[in-house]
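Asks: Compute the structure for the input listed below.
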Amino acid sequence: MSEQIRGAGQPSWPLSPYQIQVSYGASEGIARGSGADWFGPLNPLTPIAPPDVAGRRFDFPPGYNIVTRPRAYEPVGFAELRGFADAYDLLRLVIETRKDQMERQRWRIRPRGPHPSLPRSRGRVGRGRTSATVDADISARISAIENFFQKPDGVARWKTWLRSLLEDMFVIDAATLYCQRTRNGELFALQQLDGATIKRVIDDWGRTPQPYYDPHLTSPASGGGEGGGMVYPPAYQQVLKGLPAVNYSARDIIYRPRNVRAHRVYGYSPVQQVLMTVNIALRRQLWQLDYYSEGSIPDALIGVPQGWTPDQIKQFQDYWDTEFAGDLAKRRRAKFVPGDTAARVHQTKEPEHKNDFDEWLARIICFAFSVPPQWAVKLMNRATADNQSAQSEEEGLEPTKEWVKDLIDEIIVEEFSSPDLELHWLDEDDNDSGKAEAALESRVKLGAVTLNEMRDSLGLDPYANAAADRPMVLTATGFVPIEANAAGQGANASGRGENAEAAQVVQKYSPNQPRVPAGNPGGGEWTSEGTIDSADVVSSFPNDRGDSAEQVSDSTDGADQSNGPGIQIAASGYFQCEGFGAGCQSGGSYGTTAMYSISGRKLCMDCAVKMLGIQNEPASERVLTLTPFLLQK
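Replies: Sure thing, here's the model as predicted:
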């Protein structure tokens, strides 16, 4: 029985465009029914996957966990990566160099939180501070953790254990540690597993299955009961002899790839990143090896008489080879060919065994591990080599140190229940201390802290000199107390401020330093470089006779009134350098302004530096050393 067709027998004809009316309804998608979606992109197809699929990491193949071979869906396997790393000697040298650098790093376990101050970090106590005592419980836990990591697997020392771990990280990016536990579940040792035997298992979202709590779990063997318990699903499988041998949960092993990508399950090691370059380099090395073992280009062509037949040439060739046979291969022997007389010998051109392309290959390999390539390339200037060395340390060694630190910190938190402790590299203390001291020095020059405050931060005893407790600003003429400017702003009619007597200007000697004009008290003596009125020169320090210095008269004849009033001359302005045997009198500056008193002699800065033997010290260190010897009132 045939099916009836709807509308059969009714007349039909095509509709005219004028007979079509389109109505737009409400929509929550892209097409909102406003008319602008005419021939528009339209709404996407309705998803067919269940809502629980949301959050899937990547589009993995169905049945991913069924395949037993590790890296089954990766373009390169573990065996190939290790084969390339072992076959190319330059790559192996770079890997071992980076492992050597990490092996030299010193470490300790310390509490987390703000970094300790410089006095406490150096075992000293600053002025006005109390030493921070470490809690006995924290000290005990630090000692226990440090003892554990001296031999993490119970057999190998830290350095050997770390080198093996870094090998799998650099080559296959599959560093794996098996958590060997005691009967009560405490961590006993961290045994290393061959990462090439570990196959990762993923959950429905493409991630590593994590332990979870099942309230309905009643199996006593699984640690549950009527109240539920924890479930540890398999997160990794160890494949031995091509078969799945052992299931591991996320609690059983620590699998730590360094370079993880969202669309891949396994890590992307530095060796895999330069795989094509390594392949080219290996083929070039094979060509160089064949040069000494194989080949069809002889070293020389020796002519024979024109009438010799091939049999005669072969017969003589055999005689020649037998006569001069030795350790050389056949390609290294001279060949006889038909041609002119035997007097003509043609030497073939030697191939170039090392050129710029070899250096380019070395640079790529070194760049992948951030190792300076100057040892494998042509000589460069020292500045470039130093810059590359510093850059390689920052770009290569520091990230590797951070990777190891994160791994150890995770173990400390998860296995030792000590989130307040962390691994710390001791070499960073020296760098941090140098930076902190440089910052303090700059603050002293800006007047933000005093000299004694700086010494307190460094854990040093304060100076008894009162000037060391006053902030000063370093200018072109020396350290100037900040009260000097304050006194100038608040000066009275006579040009002397409230703090004028306490303000000092510690100046360095300058051959162009002006003098007090003749006819004034103290005429001809040194004054500051254009910052003191000749009519307002004040000093609270004694002169050579031991008397108090007189104030300069208020006469302004010929004086420049544009300079700031209230500035005082330093005590050193009224003394002359007495010098000593190897002092300034041998350098042409004898008799200059004295600023310091050492061993009962008034000395200028040059003589003081020479007498104390600090000529080779930085300028900042000289200032710190000379400050206690400043001339006093």
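Asks: who touches stretch 244-251?
Replies: Stretch 244-251 is contacted from outside by 68, 178-179, 198-199, 208-211, 232-240, using Cβ atoms under 8 Å, 6 or more residues apart in numbering. Glycine gets a C-beta too; all of them are placed from N, C-alpha and C.
Asks: Among those residues, which ones are in strands?
Replies: In strands, defined here by DSSP state E, the members of the contacts of stretch 244-251 are 178, 179, 198, 199, 236, 237, 238, 239, 240.
Asks: which among those residues end up buried?
Replies: Among these, those buried by neighbour count (16 or more other Cβ atoms under 10 Å) are 178, 179, 198, 199, 236, 237, 238, 239.
Asks: would you list those residues in TSV and tack on pLDDT and distance to residue 404?
Replies: Listed next are these as TSV, based on pLDDT from 0 to 100; distance: Cβ to Cβ, whole Å:
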residue	pLDDT	distance to residue 404
178	96	18
179	96	17
198	96	20
199	96	25
236	96	21
237	96	26
238	96	24
239	96	27
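Asks: Looking at those, spot the one nearest residue 96.
Replies: Comparing these against residue 96 with Cβ to Cβ places residue 198 closest, at 24.1 Å.
Asks: Tell me how far that closest one lies from residue 240.
Replies: Separation of residue 198 from residue 240 (Cβ to Cβ, to the nearest Å): 11 Å.
Asks: Mind checking what helix or strand follows the lowest-mean-pLDDT helix or strand in the chain in sequence?
Replies: One helix or strand of the chain scores below all others by mean pLDDT, DSSP states H and E: helix 118-121, with a mean of 43. Beyond helix 118-121 on the C-terminal side, the first helix or strand identified by DSSP states H and E is helix 136-150.
Asks: Over the helix or strand following that following helix, what's the mean pLDDT, rounded is fine.
Replies: Downstream of helix 136-150, the first helix or strand assigned by DSSP H and E is helix 158-171. In this model, helix 158-171 has a mean pLDDT of 95.
Asks: by contact count, what packs against helix 158-171?
Replies: Under the contact definition 3 or more Cβ pairs under 8 Å, 6 or more residues apart in numbering; DSSP states H and E, helix 158-171 sits against helix 78-87, helix 89-103, strand 175-181, strand 187-193, helix 270-273, helix 398-416.
Asks: Quickly note the distance from residue 275 to residue 260.
Replies: Note on residue 275: its distance to residue 260, by Cβ to Cβ, is 18 Å.
Asks: Between the two, tell me which one has more neighbours.
Replies: residue 275 (15 against 12; other Cβ atoms under 10 Å).
Asks: these two touch, right, the more buried one and residue 85?
Replies: No - if you go by Cβ atoms under 8 Å, residue 275 and residue 85 don't touch, sitting 10.1 Å apart.
Asks: Can you give me the neighbour number for residue 599?
Replies: With other Cβ under 10 Å as criterion, residue 599 counts 8.
Asks: please begin residue numbering at 873 from this point
Replies: Yes, from this point I'll number from 873; that puts the last item at residue 1471.
Asks: Could you pull up the contacting residues of it?
Replies: Listed by Cβ under 8 Å, 6+ apart, the contact set of residue 1471 reads residue 1483.
Asks: if I look at it, how far off is residue 1052?
Replies: Distance of residue 1471 to residue 1052, given as Cβ to Cβ: 69 Å.
Asks: swap in residue 968?
Replies: Computed with Cβ to Cβ, the distance linking residue 968 and residue 1052 is 28 Å.
Asks: Likewise for residue 1141?
Replies: Where residue 1052 is concerned, residue 1141 sits at a distance of 26 Å (Cβ to Cβ).
Asks: Which of the two has more residues huddled nearby?
Replies: Applying other Cβ under 10 Å to residue 1141 and residue 1052 shows that residue 1141 carries more neighbours, namely 24 against 13.
Asks: if I read this right, the more buried one contacts residue 1045, doesn't it?
Replies: Yes - counting by Cβ under 8 Å, residue 1141 sits close enough to residue 1045 to count as a contact (3.7 Å).
Asks: what residues do these two have in common as contacts?
Replies: Joint contacts of residue 1141 and residue 1045 (Cβ under 8 Å, 6+ apart) are 1130, 1131.
Asks: Give me the distance between the two termini of stretch 1134-1151.
Replies: End-to-end distance for stretch 1134-1151: 27 Å, by Cα to Cα, to the nearest Å.
Asks: Residues in contact with it: which ones?
Replies: The contact list for stretch 1134-1151, computed with Cβ under 8 Å, 6+ apart, reads 929-930, 932, 942-943, 945-946, 948, 953, 956-957, 960, 963, 1041-1046, 1072, 1074, 1078, 1129-1133, 1233, 1236-1237, 1240-1241.
Asks: Kindly recompute the last result at 6 Å.
Replies: Residues outside stretch 1134-1151 that contact it (Cβ atoms under 6 Å, 6 or more residues apart in numbering) are 930, 943, 946, 948, 953, 956-957, 960, 963, 1042-1045, 1072, 1129, 1131-1133, 1236-1237, 1240-1241.
Asks: Now the buried members of those residues.
Replies: By neighbour count, with 16+ other Cβ under 10 Å, the contacts of stretch 1134-1151 hold 943, 946, 953, 956-957, 960, 963, 1042-1045, 1072, 1129, 1236-1237, 1240-1241 as buried.
Asks: Please name the bridge partners of the closest residue to residue 942 other than its chain neighbours.
Replies: Nearest residue to residue 942 in three dimensions, chain neighbours excluded: residue 1071, at 4.4 Å (Cβ to Cβ, 6 or more residues apart in numbering). Residue 1071 forms beta bridges with residue 1109, as assigned by DSSP bridges.
Asks: pretty sure residue 1071 is in contact with residue 944, am I right?
Replies: No - between residue 1071 and residue 944 there is no contact under Cβ atoms under 6 Å: 8.1 Å.
Asks: circling back: for the ones in strands among the contacts of stretch 1116-1123, which one is nearest residue 1338?
Replies: Of the ones in strands among the contacts of stretch 1116-1123, the one sitting nearest to residue 1338 (Cβ to Cβ) turns out to be residue 1051, at 62.5 Å.
Asks: Spell out which residues sit in contact with that closest one, please.
Replies: residue 1059.
Asks: distance of it from residue 1116?
Replies: Taken as Cβ to Cβ, the span from residue 1051 to residue 1116 is 20 Å.
Asks: same check, this time on residue 1147
Replies: Residue 1147 is 28 Å from residue 1116, by Cβ to Cβ.
Asks: Secondary structure class of residue 910, three-state.
Replies: Following DSSP: H, G, I helix; E, B strand; the rest coil, we place residue 910 in the coil state.
Asks: Give me the number of neighbouring residues for it.
Replies: By other Cβ under 10 Å, 9 other residues sit near residue 910.
Asks: do the same with the one 10 residues further on
Replies: A total of 6 residues lie near residue 920 under the criterion other Cβ under 10 Å.
Asks: Residue 939 now?
Replies: The local packing of residue 939 (other Cβ under 10 Å) involves 12 other residues.
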